[in-house]
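K.L.:
here you go, sequence then predicted model.
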Amino acid sequence: MIQLDECLREWGEEAAPIRKILRTYTATAIATTWINEPRPPGSYYPTEVTTIHGTPLESEVTNNMLTRVELGIRGLVPHDPVQSRLETTCIAQYERLMQRHWRLIEETGGSISTPFLIVLIFWLAVVFGAFGLNAPHNLLSYVTIALAGVSIASVIFVILDMDKPFGGIFAVSSQPMRHALLHLSE
């Protein structure tokens, strides 16, 4: 986003409305994706959007903003060879931004199926039950099996938490987007 904004900044005042839409999109994405964090300052962006397919990254409002950015870039008329090269660069930057945008949307949904998780937990319970049957009946064996069970349970918890990248304990940070918004606001 920063590179696209830099390209549009180099174009000049003609690209200022496009930069404004890009800035609005960034603030909206921050406010609607990281709902448990403070919103960006200002009131120039929508804070409530209807999501498509349940992901905060995909909504009609934000998709329309990105479409307007693309149409704005493609609508710029180069007046000299420098602007012709900038046009190519800006379109390439926009396309790269959209590729990353769609990759994030694809990776946002959970990828671990419930049947797989049930089978995994059942299998681990059987394995630890077998260990318990074969282990000597003393305190050290019980503590060792309990610690191994807690260890495996914590690994499963971390994997499930990381399967939802924008929520939970191990969530993706909003700092890169906030940093980009600072650059877009200059």
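P.N.:
Ah, there it is. Residues are numbered from 1 along each chain as shown.
K.L.:
next, Pro38: secondary structure please.
P.N.:
Per DSSP: H, G, I helix; E, B strand; the rest coil, the secondary structure class of Pro38 is coil.
K.L.:
skipping adjacent residues, who's closest to Pro40 in space?
P.N.:
In this structure, Pro40 finds its nearest non-sequential neighbour in Ala27, 4.5 Å apart by Cβ to Cβ, 6 or more residues apart in numbering. No exception for glycine: its C-beta is placed from N, CA and C like everyone else's.
K.L.:
list the contacts for that neighbour?
P.N.:
The contact partners of Ala27, taken as Cβ atoms under 8 Å, 6 or more residues apart in numbering, are 39-40, 42, 44-45, 181.
K.L.:
looking at those, spot the one nearest Leu22.
P.N.:
Checking these against Leu22 by Cβ to Cβ gives Leu181 as the nearest, at 9.9 Å.
K.L.:
how far does the host helix or strand of that closest one sit from its chain's centre?
P.N.:
When elements are defined using DSSP states H and E, Leu181 is found to belong to helix 175-184. If you compare the mean C-alpha spot of helix 175-184 with that of the full chain, they lie 14 Å apart, counting by Cα atoms, centre = their mean, to the nearest Å.
K.L.:
what sits up against it?
P.N.:
Counting contacts by Cβ under 8 Å, 6+ apart, the residues touching helix 175-184 from outside are 1-2, 5, 19, 22-23, 26-27, 29-30, 33, 40.
K.L.:
show me what counts as buried in that helix.
P.N.:
Neighbour counts over helix 175-184 (16 or more other Cβ atoms under 10 Å) mark 177-178, 180-181, 184 as buried.
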